[in-house]
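Undergrad: requesting a structural model of the entry that follows:
(one chain, ligands or ions: 1)
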Amino acid sequence: MAQAGKNIVVGVGGGIAAYKACMVIREFTKAGHTVTAIPTAAAESFIGTATLEALTGQPATSSVFTGIPQVRHVSVGSAADLVVVAPTTADLLSRIAAGAANDMLTTTLLMATCPVLLAPAMHTQMWENSLVQRNVATLREHGYTVMEPAVGRLTGPDSGAGRLPEPHEIADMALALLEEQELATARSVPATAMPRDLTGRYIIVTAGGTREALDPVRYLGNNSSGQQGAALAACAAQRGAHVTLLLGAHDLPYLPAGVHVEPVTSALHLHHTLTALLDTHPVDAVIMAAAVADFRPTSTADTKLKKGTSSEPSSIALTRNPDILADIVTRYPHLTTVGFAAETGDSDHTVLQLGREKFARKGCHLLMVNEVGFDTTFGQPTNAGWLLGRDGAETRIPRMSKRGVAMRILDQLSTLLATQEP
Ligand code: CTP
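TA: Okay, here's the model as predicted:
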């Protein structure tokens, strides 16, 4: 997790989503960071500077002619550890891409040497306009991370790509960039923007837990929160991949932007949905982060099981579910596959030993082995473990955010995919 106490600048563009910048600011202040908000003049028509100043405790102005003695148009950007612009309008994208310096936000961006995250929000037609896309490409080439917008309801009655991603997600992505920066500094290598190395790839991620029905109201389930899989889907999409997330039961606060989400219920439903996609689409990789139930009730009652009646069960008979990962490894040999091993260890084996055995059994290309328990990993914001490769490599993944772990897995997946034709 990124260390607290960083200087974060939140730029606010002049779009209807400007009010959501307040929630982004709250996420950063809650995590212990100091925030300076910089609206554009248009943003000041949407949101009061008093709100931004009250939330941050810092002056918030679009003008370069306030705070002259502090030379704020230079000092704020040079002291920043991270700049986030949410929402970034089409006009702002074009001004930043042109290197403009005609207000406090653009001068600050020119001074900043830290990671910069731009979260665009505009009408779908504007987002898809080739001039806007050219500006996005230019900005990415120049080291800015430009988030994929969310798909959904726009300002008017229509919907499409162009919605501002959820404030929670913008904050998560921003804090992941800070963490990447810290890891790069620790390794004395220069930090880069979010890479676009998965562009042109189609990746399916499974996440969450399956539910195996006993009757119309009861099921056998598990503790998976869906967070690690959602982090993988979000980061893969931001790295340029086309991503489908097959999502079982979860407690995610938001669905990742730029990702096509299909809900799934039981292991058999997940198996069927996944293989139907694999049979009809040119999928490059499947990441099996879902917690798939190994067993399902042998029979599912059509009506609710009632105590004190002839339907009251004295025990539950179970039938083994198919091993989905092992099945797709055999049936789709050209597919690159990533598995997860959720292990508690036992009196005779360490977590890593059990992970190695599982890797040999599953036959996937990469296996992320993580330790699970009553209070570790499941539902927690961090993860740790080992990433095992077919070449025998065992990479230790120290405890970091689930987005950080997702980035390490995608680094290795990207290297594997690069050896194949897109
Ligand atoms: N998995 C799967 N189908 C199943 C069970 C698990 O595809 N029926 C996948 C999971 O998504 C994960 C990997 O296999 O990527 C390992 O899951 P895990 O629950 O750790 O292992 P199991 O196969 O259930 O093995 P064990 O019972 O020995 O823990």
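
Undergrad: then residue 398 would be within a strand, right?
TA: Yes: counting by DSSP: H, G, I helix; E, B strand; the rest coil, one finds residue 398 located in a strand.

Undergrad: so where is this structure shaky, pLDDT-wise?
TA: Filtered on pLDDT under 70, the chain yields the residue ranges 373-379, 421-422.

Undergrad: domain map for it?
TA: 7-187, 202-301+313-419 (the TED database).

Undergrad: buried ones in stretch 291-311?
TA: Neighbour counts over stretch 291-311 (16 or more other CB atoms under 10 Å) mark 291-293, 296-297, 301 as buried. Where C-beta positions appear, they are placed from N, C-alpha and C, glycine not excepted.

Undergrad: hmm, who's touching it?
TA: With CB atoms under 8 Å, 6 or more residues apart in numbering as the test, stretch 291-311 has contacts from 206, 208-218, 220-224, 248, 266-268, 270, 312-313, 316-321, 324, 342.

Undergrad: what about that stretch, start to end distance?
TA: 30 Å (CA to CA, to the nearest Å).

Undergrad: where do the helices of the stretch 251-400 of the chain begin and end?
TA: Assigned by DSSP state H, counting those that start in this stretch, the stretch 251-400 of the chain shows helices spanning 267-280, 324-331, 351-362.

Undergrad: what residues does this structure have near the ligand?
TA: 267, 288, 290, 292, 294, 321, 323-325, 339-342 (CB under 6 Å from any ligand atom).

Undergrad: just the buried residues out of those residues, in ChimeraX syntax.
TA: Per 16+ other CB under 10 Å, the buried members of these correspond to this ChimeraX selection:
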select :267,288,290,292,321,323,324,325,339,340,341,342
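
Undergrad: want to throw the residues of the chain next to the ligand into JSON lines with distance to residue 238?
TA: Shown next, in JSON lines, are the residues of the chain next to the ligand (distance: CB to CB, whole Å):
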{"residue": "267", "distance to residue 238": "29"}
{"residue": "288", "distance to residue 238": "21"}
{"residue": "290", "distance to residue 238": "21"}
{"residue": "292", "distance to residue 238": "26"}
{"residue": "294", "distance to residue 238": "33"}
{"residue": "321", "distance to residue 238": "32"}
{"residue": "323", "distance to residue 238": "31"}
{"residue": "324", "distance to residue 238": "26"}
{"residue": "325", "distance to residue 238": "25"}
{"residue": "339", "distance to residue 238": "23"}
{"residue": "340", "distance to residue 238": "21"}
{"residue": "341", "distance to residue 238": "26"}
{"residue": "342", "distance to residue 238": "26"}
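
Undergrad: for the ligand, give me its nearest residue in the stretch 51-200 of the chain.
TA: When scored by CB to the nearest ligand atom, the stretch 51-200 of the chain has residue 198 as its residue closest to the ligand, at 19.7 Å.

Undergrad: hmm, back to that, reformat the domains of the chain as CSV; add distance to residue 194.
TA: As requested, the domains of the chain are exported to CSV (distance: least, CB to CB, whole Å):
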stretch, distance to residue 194
domain 7-187, 4
domain 202-301+313-419, 5
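
Undergrad: now stretch 61-70: buried residues?
TA: Across stretch 61-70, burial judged by 16+ other CB under 10 Å covers 61-62, 64.

Undergrad: roughly how far is that stretch from the heart of the chain?
TA: Taking CA atoms, centre = their mean, to the nearest Å, one finds the center of stretch 61-70 at 36 Å from the center of the full chain.

Undergrad: again, but for stretch 358-378
TA: Distance, stretch centre to chain centre, for stretch 358-378: 20 Å (CA atoms, centre = their mean).

Undergrad: max-length helix in the protein?
TA: Taking DSSP state H as the criterion, the chain has its longest helix at helix 167-186.

Undergrad: can you name every helix or strand that that one contacts?
TA: helix 21-30, strand 82-88, strand 116-120, helix 227-238, strand 394-401, helix 402-418 (3 or more CB pairs under 8 Å, 6 or more residues apart in numbering; DSSP states H and E).

Undergrad: what strands line up against the helix or strand following that helix, and which way round?
TA: Sequence order places strand 202-207 as the next helix or strand after helix 167-186, per DSSP states H and E. Here strand 202-207 has these sheet partners by DSSP bridges: strand 242-247 (parallel), strand 285-288 (parallel).

Undergrad: just the C-alpha atoms of strand 202-207, please, in PDB.
TA: Provided in PDB are the C-alpha atoms of strand 202-207 (Å, rounded to 0.1, in the frame of the first residue of the first chain):
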ATOM      1  CA  TYR A 202      -8.700 -10.300 -25.200                       C
ATOM      2  CA  ILE A 203      -8.600 -11.500 -21.500                       C
ATOM      3  CA  ILE A 204     -11.300 -13.200 -19.500                       C
ATOM      4  CA  VAL A 205     -11.000 -12.800 -15.700                       C
ATOM      5  CA  THR A 206     -13.200 -14.900 -13.400                       C
ATOM      6  CA  ALA A 207     -13.800 -13.500  -9.900                       C
END
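
Undergrad: what's the following helix or strand after it?
TA: Using DSSP H and E, the helix or strand that follows strand 202-207 in sequence is strand 212-213.

Undergrad: list the contacts of that following strand.
TA: With CB under 8 Å, 6+ apart, strand 212-213 has contacts from 219-221, 265-267, 293, 295-297, 300, 321.

Undergrad: tally of neighbours for the closest residue to residue 285 other than its chain neighbours?
TA: Distances taken as CB to CB, 6 or more residues apart in numbering put residue 336 closest to residue 285, at 4.2 Å, once the chain neighbours are dropped. Per other CB atoms under 10 Å, the neighbour tally for residue 336 reads 20.

Undergrad: contact partners for residue 336?
TA: 284-286, 365, 413, 416-417, 420.

Undergrad: Throw the residues you listed into JSON lines and include distance to residue 242, thanks.
TA: Formatted as JSON lines, the contacts of residue 336 follow (distance: CB to CB, whole Å):
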{"residue": "284", "distance to residue 242": "9"}
{"residue": "285", "distance to residue 242": "11"}
{"residue": "286", "distance to residue 242": "13"}
{"residue": "365", "distance to residue 242": "20"}
{"residue": "413", "distance to residue 242": "14"}
{"residue": "416", "distance to residue 242": "18"}
{"residue": "417", "distance to residue 242": "13"}
{"residue": "420", "distance to residue 242": "16"}
